[in-house]
Structures are given as structure tokens and as C-alpha cells.
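Q: Take a look and give me a structure for this.
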Amino acid sequence: MLKIKETYKLVLKVFMALAPIAMTVSCWDEVHPGTYYTFTGQTLADYLEQDSAQRFSSFIQILKRTQRWGELETYGTFTCFAPTDLAFSKYLESRNISCLDSLTWDQCDTIARTHLINTVLYLSEQSEGGLPSVNQLNRFLVLGYVADTLDNGIIKPRATINRNSVVLKGDDTVQNGVVHVVDNVIRVSGDYIYDIVKADPKVSLFFEAMHLVCLEDSLQKWHDKSYSLTDYDSVTAGLTKQGGGSDYTIRYLPERDYGFTVFAEPNEVYASRGIHTLDDLIDYANTVYHEAYQAEYDTLGNRYDTIWSDQRCPLRRFVQYHILPFSIPSAINFNCREDIINAKVETSVIDAEDYFEAYLPHSIMRISRVLASGPHSGVFINRRGVGPDGKGELGRSFYRGVKILDVDEGTLNEGCNGYMFYIDDILEYSDFVRNSVLDRRLRIDCCTLSPDFLTSGARQKKTDNNYEGIGFLQPTNFHSYNQNYCMWVRSAFVANISYQGDGLDLQGNYDILLKLPPVPHDGTWELRLSYRGSAGCGVVQNFVGDDPLRLSPCGIPTDLRYSAYDNPNIRWKSDEDFEGDSIAIDAYDKAMHNRGYMKGPDSHWTSDKAEKFRDYSLIARRIITTDYFKANKNYYLRMRLVLENPNAEMNFDYMEWCPKSIFSNNEDKH
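A: Take a look at the predicted model:
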């Protein structure tokens, strides 16, 4: 598949001709709000009208009826997936609809917004999976590839969108965007993700369990009606803020949606483990979760085994660990983008990884991606190992975990509030997973700390202008004690000196409370935050505890105004200063650790393999606290600026949970 994709990119770059520039101006069919400059060259509207009688008359009718046509005649940056007239004929026939006029306005509006994205995306520059920006319906479109055999036997790769629309012609550039011609109206579902799982016979046994434990209402949440940005200027106008020494254009989302990602085992996976009925699955869940929560069940007995709506029910726990509380459109979108991995991750020592809090309270899962080909390539849940050879890590044996699969061709995995994926083995939060597989340093990208960052598409967003961000007022898992600040997720790009090319930036007199991701098992853990010093940053006091109203201060404030090299509390030294003496290097690492700091990891690069974090003197890791943490409790981190500065910055890049089994046993440098 990778070879097909690379061939496709090459074909596009060499053979795709730019659309000609037509020096005509078409009239608007409706009054468009605002003041816009109208191009005298070819716009998206001009492109569609050029041969509308033969190709795009139906799509034009839809756009004009929903008052989207004016947008395509004006200044802007759009990606337009343009269905042909034949595509609309097939669409109407499949629904037994006689003509376009029989579609309701809402149906037309959904079609129009599905096919438009408010940024320019060239398919030749995209990786497979969810496109890096949502469409006007606030949904991700998924790019894939199929092999098309020509009459002469040559195999030609074809790009597809949402697995049902083949791109007939792509990357046609016009002055206000790019056009991709498609052979089908792009499929988008109005059903909830619960109904998508219900409709798939391959996962009928998993659905029976999901239905039994009473999750229907939960999985039918979509728009958050409590969210409002009334009278907030940045809804319509971009703010300009400093972030890492650069000016960022920040836009706040005018609405917030709930999202879900469901992992479902096909019936054949259960059958291979001797599970054929719902009773078999109940017995399996009882065994796994009685072991995983043994201390709790020893106290409670078995009386919750059949109280399906109770959080302590083993089957409910089993199902909830299959759900993430945010939307991800493709397996490869769980981790950072492929260009970021290639430029910033040292894949010989660590896989691209991310950690996510699951819908099961106080649970976490590791999702990692292996780019290289081979039996161990792909995207896995709770895998322990490195690279395509599956070598162990930290002296521990390899554990394959569960592989995430795309659904069958022609199967709809998208609902209006989420996505479903098949998995090739049984997913469980077992005692072994909690106490062995996840007994590791958990390095958590800050742009995954709220489901809002993920469902909105803010994380790993790719734009024409790298210095853009999506702002948030009170995202889920965060609380601000004042509004005299700005928080945003910056767009990811290779040259950004950060863990995954993105970052969570704060500016102003910030005082933020964060609900921390859970630890997988009881024990002594270190909590660490990324450190990046800069003159424009402030001095921050950190507080940690399980009661947000009574948090304990953690040591002296962290002075973010100085680099790791310049800060006398850190006393950063390069490994080169020790002339290859590994014993001296380890001793200095230990001394630095005792002072409450660590160098950056050697598994990640500043930008495009320029310099490893460990060798970069501006950054380090700050040890916030070392304490005994319990897996069944919520913990909170408060970060308060203690030197009032209306322009103070903080680049919140990543955090780490590290268990005592790792940090007390000659922790590796990765």
C-alpha cells in the first residue's frame, strides 16, 4: 500500500496540470455576508461553471440553494471535492429520490458542507488516513488508496475519500483553493456511533454487550449545548499572540462537540478464543476484571456482576475500555503525522506513541505506530516493543498487544459523533496490562490531554501558515481561575522545537487546573513536565493533589525565563563535556535528577533530525513531585503564574508519569 501511495504522489506531481486561468467574473446568486475581494482570475466557482452542463450542474445547484456559492467566488482558501453530475445521479437513485428538488434544505446543506474544507489540501502532499483539517461539517474526511487495473494490465493507484468516492482528477489549483473531482457524493452518516456499531453484523456480539450495559444514551451525545462563546471577539476575528517567539493567529471554535472512538472485535476474533455467545463474553469479562480489580472485588464480592448499569460491573468495564471519549477518523491519526515521525522520532529506540484516557474511568491505553513494513507494522494498543522486529524494551520481553484495523471496504464506520474500528484480538485492561505492560514511563503529549483538542481537529492540524492555532476557553479536563489569558493548540510542523511538532501554549496571567491522566496501578510515581526556558516566559508555582480545593505546593516555583543551560538550579551540561565517559555521564544525570531536573530524551529531535532533545540546552524535564498515587483516584495539577505579567508565555509540551520500577533502576535516556 505504501508503494501504491508513493507512486500516486509521483504521478500527481508529474502529470497533474494546473487548471487554466479564466479572466471572467461570475455574479453572486445570493448576498454573501461581510466584505470580500472578488478575484478577476479563475475561482472555484469559475472552475465548476466551466463545463457545468456536462459535469457539475447538480453540485452547483446544491451550493447555490444553500448559499455556499458566494464563498467559492471570493477571496479565501478552500478545498473542494466536486462530485460530477453522474455522481449525483447515482446518489439519488440509491435513495429512490426522483430529482435534486426533492432533497430537503438540510440534506443539501449537509452535502455542501461535507465537500468543502476551509484550507487548501493537496492530496499529493497528504498521508493516508484522516485529512489534517475538518470539513465545514466539522467532520474529518478519510483519504485512502485503491488499485485500479487498466486494460493493458497496468495497475494505477486511485485516491479515495471515505472509502466510497474515487478521485477522478485531483490537485487542480485555482486562485482561492484547490479542486478534486470525485465520482460519488462523499458518504457521511447522520447516525450516532451507537447505531453504526449496531448496524454492522460482523461485530454483533460486541454490540450485544454494549447494549446490555446501557451505553446507548451516552453514545448518542453530540453537540455540547452548554458551550458558548457569546460576545467573544475571537469567534469571528483572529487574535495574534506570541508563542515560542513567533506570532500565532488564534481562532476559537464557536461550538464544541462530543466525540467517541469505538474498538470492536469481530465475531470471528471471539470465536477463536472460544467465545460464541453473550454469556461466554460475560464469563470472560468476569474473569479478567475480577483479577484486574481483585482488591476491590474482594471487598464487594460478586454482587455487581449482573447489575449492568453499575460502573463496577465487569462487563461494563470491559465495554467501556473499548471506547475513547473523542473522535479519531483513521488508525494512523492516533499518533502524530507521518512527516513528524520521520523528522522528529528516533524509531530505532522508540515507537511513535501516545497515551489516552479511555471511557472506562481511571484507565489509560498506549497506542503506538510502527511505520516500517513487516508483520509487526501498523497501529497497536498496549504494545510493548520497538520497531518492525518487535524487540523488547527496557529489558522486558516483547508483547504484541492488539492491532487496530480499518473496517471492510464498503462498511460505514463513521457516525455523526464518532468512528468505529475493528481490532484483531481481545482488548482488555487486565492485571497484566495494568501492572506489566503499562508499568513504564508514560510520555503524554499535552495536545492529547483534553478530548476537545482531538475531536476538534486541533491536534496535529496542518495548515498553509504554520503559525496558527485553535484556541480554547475551558476545555474538558481543564479549569481556569481567571480569563486573563489565552490558551491554544498550535498547528504542528516539522521545524517546531517540540515533542510532536505541536504544543499547548498559554499567554497572560494564567492560573490553570488540569485533571491529570490516571496511573495504571497503585505505586510510587514521578510526575514530570517538559521544560523550555525563554525570556518571555514567567515563574510558575505547581500544586498537586486529589482534591482540587486543597492541593499541595510542589517545591519552589519553576523559573521559565532561563534556559536549562542558564538556570543555576538545573546546571545543564552536555554529554560532550564528559568526553565519552559513560560513568561520569550517568553520575551527572543522577545529580541533576536529585536537583529536580532531567535532560530531554534522546529519542526525539528538535527539527528534521537536527539535534536530539538530550543535546539541546534550552529544554529539560522538571520533576514536579514523587509520591504514592492510586489508580482509582483523580489527581490534579495546578499551574499558577506567580509573577504577574500580562504577556507571560508557557509552552506546555508534554508530561510524564514514571513508576519507581523505572526511575530507581538506572532509567534509560530514551
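Q: where are the low-confidence patches of the stretch 301-450 of the chain?
A: Within the stretch 301-450 of the chain, the ranges that satisfy pLDDT under 70 run 301-302, 408-412.
Q: can you pull out the strands in it?
A: 323-324, 352-357, 364-370, 378-381, 402-405, 414-415, 418-423, 442-445 (DSSP state E, counting those that start in this stretch).
Q: who does the longest one pair up with?
A: Using DSSP bridges, the neighbouring strands of strand 364-370 in the sheet come out as strand 352-357 (antiparallel), strand 378-381 (antiparallel).
Q: quick one: the residue lying closest to Phe81 once chain neighbours are set aside from Phe453, how far?
A: Excluding its sequence neighbours, the residue lying closest to Phe81 (C-beta to C-beta, 6 or more residues apart in numbering) is His115, at 4.4 Å. Backbone N, C-alpha and C define where each C-beta goes, glycine included. For His115, the distance to Phe453 equals 26 Å [C-beta to C-beta, to the nearest Å].
Q: Need phi/psi at Leu506.
A: phi -130, psi 140 (degrees, to the nearest 10).
Q: pretty sure it is in contact with Met650, am I right?
A: Yes. Counting by C-beta atoms under 8 Å, Leu506 does reach Met650; the two are 4.5 Å apart.
Q: residue contacts, Asn138?
A: 255, 257, 456-457 (C-beta atoms under 8 Å, 6 or more residues apart in numbering).
Q: Quick one: buried ones out of the residues you listed?
A: 257, 456-457 (16 or more other C-beta atoms under 10 Å).
Q: Pop the domain breakdown of this protein in here.
A: Residue ranges for the domains of the chain, per automatic domain parsing: 2-182, 189-222+257-440, 233-256+441-663.
Q: Format the ones you listed as a markdown table; extra columns: distance to His670.
A: Compiled in a markdown table, these are given as follows (distance: least, C-beta to C-beta, whole Å):
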| stretch | distance to His670 |
| --- | --- |
| domain 2-182 | 25 |
| domain 189-222+257-440 | 5 |
| domain 233-256+441-663 | 4 |
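Q: What separation do you get for the residue nearest to Phe81 and Cys99?
A: His115 is 19 Å from Cys99, by C-beta to C-beta.
Q: same question, Trp69
A: Per C-beta to C-beta, Trp69 is found 19 Å from Cys99.
Q: okay but Val269 is in contact with Lys403, surely?
A: No. Using C-beta under 8 Å, Val269 is not in contact with Lys403; the gap is 10.8 Å.
Q: Surely Tyr429 touches Pro361?
A: No. Tyr429 is not in contact with Pro361 according to C-beta under 8 Å; the separation is 11.0 Å.
Q: higher neighbour count, these two?
A: More crowded of Tyr429 and Pro361, by other C-beta atoms under 10 Å: Tyr429, with 25 against 12.
Q: Next, the contact list for that one, please.
A: Contact analysis of Tyr429 by C-beta under 8 Å, 6+ apart lists 289, 292, 317, 321, 358, 360, 363, 365.
Q: run the last query once more with 7 Å
A: If a contact means C-beta atoms under 7 Å, 6 or more residues apart in numbering, then Tyr429 has 292, 321, 360, 363 as its contacts.
Q: Likewise for Tyr284?
A: Shown in contact with Tyr284 (C-beta under 7 Å, 6+ apart): Ile275.
Q: any idea how far the closest residue to Phe206 other than its chain neighbours lies from Phe380?
A: Distance criterion C-beta to C-beta, 6+ apart; nearest residue to Phe206, sequence neighbours excluded, is Ala264 at 4.5 Å. Look at Ala264 and Phe380: by C-beta to C-beta, they are 16 Å apart.
Q: Give me the contact list for the one helix or strand Phe59 maps to.
A: Phe59 belongs to helix 57-65 when assigned by DSSP states H and E. With C-beta under 7 Å, 6+ apart as the test, helix 57-65 has contacts from 29, 48-49, 52, 69, 72, 82-83, 85, 88, 100, 108, 111-112.
Q: rewinding a little: name the residues contacting each of Val269 and Lys403.
A: Asp424.
Q: neighbour-wise, which of these two wins?
A: Val269 (21 against 17).
Q: what are the C-alpha coordinates of the helix or strand that one falls within, in PDB please?
A: Applying DSSP H and E as the criterion places Val269 in helix 267-272. Provided in PDB are the C-alpha atoms of helix 267-272 (Å, rounded to 0.1, in the frame of the first residue of the first chain):
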ATOM      1  CA  ASN A 267     -17.300 -12.200  16.000                       C
ATOM      2  CA  GLU A 268     -14.500 -14.300  14.500                       C
ATOM      3  CA  VAL A 269     -12.000 -13.000  17.000                       C
ATOM      4  CA  TYR A 270     -14.200 -14.000  19.900                       C
ATOM      5  CA  ALA A 271     -14.800 -17.400  18.300                       C
ATOM      6  CA  SER A 272     -11.000 -18.000  18.000                       C
END
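Q: Now secondary structure, pLDDT and distance to Ile193 too, for the contacts of helix 57-65, in JSON lines please.
A: Formatted as JSON lines, the contacts of helix 57-65 follow (DSSP: H, G, I helix; E, B strand; the rest coil; pLDDT from 0 to 100; distance: C-beta to C-beta, whole Å):
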{"residue": "Asp29", "secondary structure": "coil", "pLDDT": "34", "distance to Ile193": "37"}
{"residue": "Leu48", "secondary structure": "helix", "pLDDT": "93", "distance to Ile193": "33"}
{"residue": "Glu49", "secondary structure": "helix", "pLDDT": "90", "distance to Ile193": "38"}
{"residue": "Ser52", "secondary structure": "coil", "pLDDT": "63", "distance to Ile193": "37"}
{"residue": "Trp69", "secondary structure": "helix", "pLDDT": "93", "distance to Ile193": "32"}
{"residue": "Leu72", "secondary structure": "helix", "pLDDT": "91", "distance to Ile193": "31"}
{"residue": "Ala82", "secondary structure": "strand", "pLDDT": "95", "distance to Ile193": "28"}
{"residue": "Pro83", "secondary structure": "strand", "pLDDT": "95", "distance to Ile193": "25"}
{"residue": "Asp85", "secondary structure": "helix", "pLDDT": "94", "distance to Ile193": "33"}
{"residue": "Phe88", "secondary structure": "helix", "pLDDT": "93", "distance to Ile193": "27"}
{"residue": "Leu100", "secondary structure": "helix", "pLDDT": "91", "distance to Ile193": "29"}
{"residue": "Cys108", "secondary structure": "helix", "pLDDT": "91", "distance to Ile193": "24"}
{"residue": "Ile111", "secondary structure": "helix", "pLDDT": "92", "distance to Ile193": "21"}
{"residue": "Ala112", "secondary structure": "helix", "pLDDT": "94", "distance to Ile193": "23"}
